[in-house]
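> Okay, predicted coordinates and the sequence, questions at the end:
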Amino acid sequence: MNNNKVALSGKMKSNFILDEERRNEKLYSAYVDVSRDSGISDEIKLLVSEKDFYIPDNIIGEYVYINGFIDTCNYSDNNGTHLNVGVYVNDMDTIEYDENIIDENECCIEGFICKNPTY
């Protein structure tokens, strides 16, 4: 997937928990805080598959570097249809915290990302 890349680094805010099951594949989710240059943090949802990824038991507070891609899924509730956006993790490494290093927060999407609405 050369047209959809994400690279993030930040502090893990939660452990991975079972989130959903798609096509007989269990997906786990967790959240990571990624700092902006302004000092404000974004809370990013991470998704991992039990087939592709070792799920660590306790990762809260660890600093991590993540490579992956944007993953979207539509869901419906009483308020309508919504788009759930997260980062599907291909690779994640724990890293040593260094206050002089700014968290990486990069997303590259090339091509057509919009389509005509369906009513």
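Looks like it came in fine.
> Low-confidence ranges, this structure, go.
In the predicted model, the chain carries pLDDT under 70 at residues 1-2, 101-103, 112-115, 117-119.
> can you pull the contacts of residue 28?
Contact partners of residue 28, counting by Cβ atoms under 8 Å, 6 or more residues apart in numbering, are 16, 17, 18, 19, 47, 48, 49, 50, 55. Yep, even glycine has a C-beta here, placed from its N, CA and C like the rest.
> And those, which two are furthest apart?
By the measure Cβ to Cβ, 17 and 49 form the most distant pair in the contacts of residue 28, at 13.9 Å.
> So for these two, which sits in the more crowded spot?
Neighbour comparison, residue 17 and residue 49: the larger count goes to residue 49, with 14 against 9 (by other Cβ atoms under 10 Å).
> pretty sure the more buried one contacts residue 23?
No: the pair residue 49 / residue 23 is not scored as a contact, 10.2 Å apart, by Cβ atoms under 8 Å.
> got the contact list for stretch 70-89?
4, 6, 8, 20, 22, 29, 44-49, 53, 66-69, 107, 109.
> are any of those residues buried, and which?
Among the contacts of stretch 70-89, those classed as buried by 16 or more other Cβ atoms under 10 Å are 4, 6, 8, 29, 44, 46, 47, 48, 53, 66, 68, 69.
> quick one: which helix or strand includes the fourth one?
Assessed by DSSP states H and E, residue 29 sits inside strand 25-35.
> same thing with the fifth one?
Under the criterion of DSSP H and E, residue 44 resides in strand 41-49.
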